[in-house]
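S.K.: can't give you the sequence, but here's the structure:
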C-alpha cells in the first residue's frame, strides 16, 4: 500500500514539474492543427470511434487489415497547401472521450511517412476492427468489435448522412429476422429507450435514414417492450425512404410476431396502402399488458455533461554544426571549423478540451485548443495561440445548429480556420441551408479580425440521392471596403459500399477565372486492395485582390491604391497568382494478413509568375515545369513477437534541378505493454542535373521511446542526428544536426454521471446514468428502470 501511495505521489510530482517547467514540443501535443477531435460511441459488443480532421482527406489504406494492437490508416490530404503545411508538423495527437474503456491507449497523426500521413491508433490489447472513411471527407470511422470479429459491428457512426457499410463489407441496412435471446440489463433497456426517443425525433425531422440506423440497432437486442414499436417505425422509415420492398417485409414480420392489438391494425392499414407511403409517426403506441406508452417519457429537465481533454508539455532542441571547405580559397586559421547554430530551443505547453452537454431540448459542446511557445533564444518573443474556441449548439426540435467562435470549416467556400459564426438549418432530411460569416484566421497565433478582412456566404446542401450529395455555395470577402473575393462553387460527394469520390468546382466571378477543379476518390476491390488517386487544378492561393501585394513594398491594399488603380490591382493579382496542377494514382495490396505492399506516383506542375514591373505585358511567366514523385512501401507485423511492426520504403523525386532518392526503415517494437521502442533510419542521395552541379548524401537515424506510465499519463522521448555531406561547384560541406524532444501528456475525462460507488453500481456505467432520463418511470419514481415484459 505504501508503494502504491508513493507511486501516486511521484506521478503527481513529475506531472506538475513537467507541465509547469516545460512548455514545448513538436512531437505529440494536442494542438488542433490537422486533427480536430475524436468521438466515441459504445454499443452492445461494439465500440465506434470517429476521428475528425481539420482538413479534407482521402482514405488510402490501413494495416493490419482486420486485427491488431496497432492500427495504421494512411490518408492523403486533398488540398495540396494543407499537405505542404503538414510537413512542418512532426506528430499530433487526439484525445478520446473515456477511450480507455475501449482499450484505446493513444491516437496520433504521423506526417513524415513515404506514402502520406498515417493515423495511428494504439490499443492495449489485440482487437478486431473494421475501417471506413466517413462521407464528410474529413473523418475516419473505426468499429472495434473486441477480441473476436463481429459481422454486426460496422463502422457507421450515428448521425452520418450515409448508412452504407465499410469498404469491403456486406450489404447495408439488413438485419436478421430472428432476434438474439437472453436477458437484458437495466443499462441496455435505458440505452434502447434513448435510441427509440432519438428515432422518433429523426422521423419528426423527416430524416428516415437516421431513424433506420437507430431502429435497426434496437431490433438486434432480445425481445423487450420497445421491440414492437421499433419494428413498426422501421417499416414506416423504410416506406418514407422509398424502400417499399423492405417496408413490406418489416410490416409482414411485425404481423407475424404481433398478430393482435392496436399496433397490428395500424400496420395492416399501412401494408394495404403501402404505395401511398402515408402514416403518422407520432401516433400513440401502447405497450402490451397495460404498460404505459413507450413513447411517453417524463421530461427530466436534466442536463448531462462530459468533459474530455488533454494537457501536454514538451521541450525540443535542434542544433547544427557546419564545416565548409573551398579548395580555391586559402584556409582561414581564425575561422570556426565547426560553426554552431541553434535552430530551435523552445518549449510548448498546450491545453485542449471539449465540454459537451445534452438535454431534452438542446445538445452541443464548448471547444478550446490553445498553446503557448516559449523560446529560450535572446530577443525571441514567446508565442501564444488559440487554434479553436467555439460553442456548438443544436436545437433539437428545430434541427437548427449554430457554431460561434474560432473554428475550422472546409465547406460552403470557406477556406479553413476563421473567427465568426456558422448557422445551419435542416428542414428536411435531404435539404440543408447554411449561412456563414466571419474573418479568416490563417494562423492560430493570429488575433481575431487581424487584417480587417470579412467574408459572408451561404450554401444549400442536397441529398443524399442514390449515394450522391452536393452543396452549392456563394461567398464574398472584403478587405475593409475593397472587394477581395467573390466566388460560387459546388462540392459533390459519392459514397457506397466500396467507393468514395469527392469533387469541387470554385469559380471567382469577380476575377472571371476558375479558382479550382478538384477530384479525389478511393475504390476498394473484393480482395481488400485499394486504388486511390486524384486530379487537381487550382490557383494557389485562391484568387483575391490581396494577392496583388505579393513581392510588393506595400503592407495594405490601400497603400497600393495611392499609386495604382483598382483595375491594375486586379490584373496584378491575376498575374502573380500561380496555377498548380497535379495528378496522383496509388495502389495498396494485402499480400497476407501480415504483409502489405503499396505504391503511388504523382506529377506536379506549378507556374511561378515573375512580378510584372509597371504591368508590362511583355514579361512572360516563368514555369517551374513538371516534377515527378514516386513511392513504394512494404509493411509487416508480428514477425519477432506479437505487436511488432516493420516498414521499409523507397522514395524517388525527379525535380527541376535534381533527382533525389530516400530509403526509409522504420520499426515499432513493444518492449512491455507500457514501453514501446521505435528506431528509424533514413538514407538519402541527391544528384543535380540541368546545369546544377550537386552531389549530396544524408544519413538520419532516430529513436523514439514511448512510456504509458498510467492510463492517463504518457511520456515521450525522441533523439536523432542527421549527417549531410554535399559537394556543389567544387565546394565541400559537412553538416551535423542534433535533435532531441522530451515531453509529457495527461488526458482527463469526467461526466456529470460520476457518483458514489453505490450509485455507479446501480447504473452499471457512467453513460447509463446519462440515458436514465429517457426511461418510462412512474410519478413517484426517480429514474427507475422500465419493467421487462414477457411475450
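M.R.: Everything's here; your move. No experiment lies behind these values; they were computed from the predicted model shown.
S.K.: Just confirm residue 214 is within a helix.
M.R.: Yes: assigned with DSSP: H, G, I helix; E, B strand; the rest coil, residue 214 falls within a helix.
S.K.: what about it, how many residues close to it?
M.R.: For residue 214, the neighbour count with other C-beta atoms under 10 Å is 25. Where you see a C-beta, it was placed from the backbone N, CA and C, and this is true even at glycine.
S.K.: contacting residues around residue 102?
M.R.: Shown in contact with residue 102 (C-beta atoms under 8 Å, 6 or more residues apart in numbering): 40, 42, 47, 49, 96, 144.
S.K.: same question, residue 478
M.R.: Taking C-beta under 8 Å, 6+ apart as the test, what residue 478 contacts is 453-455, 484.
S.K.: quick check, nearest of those to residue 189?
M.R.: residue 455 (49.0 Å; C-beta to C-beta).
S.K.: Just the buried subset of the contacts of residue 102, written out for ChimeraX, thanks.
M.R.: Command for ChimeraX that selects the buried part of the contacts of residue 102, burial taken from 16 or more other C-beta atoms under 10 Å:
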select :40,47,49,96,144
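S.K.: would you list the contacts of residue 102 in a markdown table and tack on distance to residue 352, pLDDT and secondary structure?
M.R.: What follows is the contacts of residue 102, written out as a markdown table (distance: C-beta to C-beta, whole Å; pLDDT from 0 to 100; DSSP: H, G, I helix; E, B strand; the rest coil):
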| residue | distance to residue 352 | pLDDT | secondary structure |
| --- | --- | --- | --- |
| 40 | 16 | 85 | strand |
| 42 | 22 | 76 | strand |
| 47 | 22 | 87 | strand |
| 49 | 17 | 92 | strand |
| 96 | 12 | 78 | coil |
| 144 | 23 | 92 | strand |
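S.K.: tell me which of the contacts of residue 102 is nearest to residue 731?
M.R.: Distances from residue 731 to those, taken by C-beta to C-beta, are shortest for residue 96, at 51.9 Å.
S.K.: Can you give me the buried ones in the helix or strand containing residue 478?
M.R.: Here residue 478, judged by DSSP states H and E, is contained in strand 468-479. By 16+ other C-beta under 10 Å, the buried positions in strand 468-479 come out as 469-471, 473-479.
S.K.: Tell me the strands beside it, with direction?
M.R.: With DSSP bridges as the criterion, the sheet partners recorded for strand 468-479 are strand 453-465 (antiparallel), strand 482-495 (antiparallel).
S.K.: what's the closest of these to residue 136?
M.R.: Checked against C-beta to C-beta, the stretch from the strands paired with strand 468-479 lying closest is strand 482-495, at 7.9 Å.
S.K.: and that closest one, average pLDDT?
M.R.: Mean pLDDT, strand 482-495: 94.
S.K.: any idea how far that strand is from the chain center?
M.R.: Relative to its parent chain, strand 482-495 has a centroid offset of 22 Å by C-alpha atoms, centre = their mean, to the nearest Å.
S.K.: quick one: buried residues of it?
M.R.: Residues of strand 482-495 classed as buried by neighbour count (16+ other C-beta under 10 Å): 482, 484-495.
S.K.: could you dump the contacts of residue 102 to JSON lines with distance to residue 715?
M.R.: Formatted as JSON lines, those follow (distance: C-beta to C-beta, whole Å):
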{"residue": "40", "distance to residue 715": "24"}
{"residue": "42", "distance to residue 715": "28"}
{"residue": "47", "distance to residue 715": "26"}
{"residue": "49", "distance to residue 715": "24"}
{"residue": "96", "distance to residue 715": "19"}
{"residue": "144", "distance to residue 715": "25"}
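S.K.: residues making contact with stretch 555-570?
M.R.: Under C-beta under 8 Å, 6+ apart, the answer for stretch 555-570 is 479-480, 482, 510-511, 545-546, 548-549, 552, 554, 572, 615.
S.K.: Out of the residues you listed, who's the most crowded?
M.R.: In the contacts of stretch 555-570, the most neighbours by other C-beta under 10 Å go to residue 548, 25 neighbours.
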